[in-house]
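Colleague: here are the coordinates; sequence isn't available:
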């Protein structure tokens, strides 16, 4: 295992900062790879431990534990074991939650939805058709939150078990909705069947995330001009990494940048392997239209209408700044994408 961030401190903003640094690294974790260590747990310190910080609420500590669990981070207690409250014991010793962290498949949970700080994370488990899900409310008020089964690679029907309350919630169709307190989490286990398709909704805004890196597809330097390159970068707030997907004809779509209003297109309407992908005014030459086809597990391939080639992270780059090109499709992680809804 390896540490992925600077040291943890015992306060809320530091915990959420670490989550944001660690979460995109899911593709680098696993039994044959290693583990993304988000640092030790602060649960139960209440500002009295050996690290900086004034402490957190019980709700925040439980969210901290839930997120370390679904990110498959090592669970290393950082509190005084001799003076634990009952709540701290119940948090650190919940066998059903710990089982998610220790699941033999060893996958790290991924962000599947981010609606203004209402985030849903999903972790594939070893048993076929099962997922652990954390509904994480980072906002300042309680809110109803929903996990859509299609976004996590399951078919329409699934049973739901709440892992913190250790109660069965029943069987649901298409989605599960629950009220989540401010800074709180609800953690559930879904049992259903694997889906071989995924879907998106025309007109909605998405982040486009290569499976290979967990970074975001963005317009270089938040540029507004035609010809600006498209590459991968850390998720930010400049809107150059937000895209409206709009259906056209024949099952194809335009992918329009929220900041610039321009479309993702293949440069010069080229048919060549390796041609750059850029932004350009929406036109009629078909090089800015894309087939977005589900490949299962909540992932998609994105194929250009004119060339028939796939959106691709060039040279399988793993770093911010890796550019987007077109390339003949194969089921490789650098040609496989998440669409994370933002509205």
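Modeller: Structure received. Bear in mind that the values here come from a model prediction, so they are computed numbers and not experimental data. Numbering: from 1, shown residues only.
Colleague: how far away is residue 165 from residue 186?
Modeller: Distance of residue 165 to residue 186, computed by Cβ to Cβ, to the nearest Å: 9 Å. Bear in mind the C-beta positions are built from the backbone N, C-alpha and C, glycine included.
Colleague: The two: who's more crowded?
Modeller: Set side by side, residue 165 and residue 186 show more neighbours around residue 186, with 23 against 12, by other Cβ atoms under 10 Å.
Colleague: Work out which residue lies at the spatial centre of this protein.
Modeller: residue 111 (2.0 Å; Cα atoms, centre = their mean).
Colleague: need the strands for the stretch 101-250 of the chain, in chain order.
Modeller: 110-115, 118-124, 130-137, 143-148, 157-162, 167-173, 175-180, 185-191, 205-210, 216-219, 230-233, 243-247 (DSSP state E, counting those that start in this stretch).
Colleague: right, and those - which one's nearest residue 13?
Modeller: Distance to residue 13, taken as Cβ to Cβ, is lowest for strand 130-137 among the strands of the stretch 101-250 of the chain, at 14.7 Å.
Colleague: picking that back up, who does the residue nearest to the centre of the chain bridge with?
Modeller: Beta-bridge pairing for residue 111 (DSSP bridges): residue 121.
Colleague: Correct me if wrong: it contacts residue 133.
Modeller: No: here residue 111 does not reach residue 133: they are 11.4 Å apart, not a contact under Cβ atoms under 8 Å.
Colleague: which residues are common contacts for these two?
Modeller: The contact sets of residue 111 and residue 133 overlap at 120-121 (Cβ atoms under 8 Å, 6 or more residues apart in numbering).
Colleague: How much space separates residue 211 from residue 198?
Modeller: Distance, residue 211 to residue 198, using Cβ to Cβ: 12 Å.
Colleague: shared neighbours of the two, which are they?
Modeller: With Cβ under 8 Å, 6+ apart as the test, residue 211 and residue 198 both reach residue 299.
Colleague: who's in contact with residue 97?
Modeller: By Cβ under 8 Å, 6+ apart, the contact list for residue 97 reads 65-66, 69, 163-164, 187.
Colleague: Including pLDDT, could the residues you listed go into JSON lines?
Modeller: Output for the contacts of residue 97, formatted as JSON lines (pLDDT from 0 to 100):
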{"residue": "65", "pLDDT": "98"}
{"residue": "66", "pLDDT": "98"}
{"residue": "69", "pLDDT": "98"}
{"residue": "163", "pLDDT": "98"}
{"residue": "164", "pLDDT": "98"}
{"residue": "187", "pLDDT": "98"}
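Colleague: Going by distance to residue 139, which of those residues wins?
Modeller: Among the contacts of residue 97, residue 66 lies closest to residue 139 (Cβ to Cβ), at 16.2 Å.
Colleague: Can I take it that the closest one is in a helix?
Modeller: Yes: judged by DSSP: H, G, I helix; E, B strand; the rest coil, residue 66 forms part of a helix.
Colleague: Let me see the confidence value for the residue nearest to it when sequence neighbours are not counted.
Modeller: Leaving aside its sequence neighbours, residue 66 sits nearest to residue 185 (Cβ to Cβ, 6 or more residues apart in numbering; 4.2 Å). Predicted confidence (pLDDT) for residue 185: 98.
Colleague: what does residue 251 give?
Modeller: pLDDT, residue 251: 92.
Colleague: Thought residue 312 was touching residue 273, still the case?
Modeller: No: using Cβ under 8 Å, residue 273 is not in contact with residue 312; the gap is 9.3 Å.
Colleague: And these two? Which one has more around it.
Modeller: More crowded of residue 273 and residue 312, by other Cβ under 10 Å: residue 312, with 25 against 12.
Colleague: hang on, residue 341 packs against residue 204?
Modeller: Yes: the pair residue 341 / residue 204 is scored as a contact, 5.7 Å apart, by Cβ under 8 Å.
Colleague: Neighbour count for these two, which is higher?
Modeller: Neighbour count, other Cβ under 10 Å: between residue 341 and residue 204, residue 341 has more, with 17 against 14.
Colleague: quick one: the more buried one from residue 207, how far?
Modeller: Residue 341 sits 8 Å away from residue 207, going by Cβ to Cβ.
Colleague: for residue 164, same thing?
Modeller: 28 Å.
Colleague: out of those two, which sits in the busier spot?
Modeller: Neighbours per residue (other Cβ under 10 Å) separate residue 164 from residue 207, with residue 207 holding more: 20 against 17.
Colleague: ok now do the more buried one, which residues does it touch?
Modeller: Counting by Cβ under 8 Å, 6+ apart, the residues that residue 207 touches are 114, 216-217, 235, 241-243, 338-340, 342.
Colleague: Please convert these to TSV, extending it with pLDDT.
Modeller: Putting those into TSV (pLDDT from 0 to 100) gives the following:
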residue	pLDDT
114	94
216	96
217	98
235	86
241	96
242	96
243	97
338	94
339	95
340	94
342	92
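Colleague: Check which helix or strand residue 18 maps to.
Modeller: If you go by DSSP states H and E, residue 18 is part of helix 12-22.
Colleague: what sits up against that helix?
Modeller: For helix 12-22, using Cβ under 8 Å, 6+ apart, the contacting residues are 4-5, 8, 36, 38-39, 42, 53, 56, 60, 63-64, 67, 71, 73, 138, 183, 235.
Colleague: Could you list which of these belong to strands?
Modeller: Using DSSP state E, the members of those that fall within strands are residue 36.
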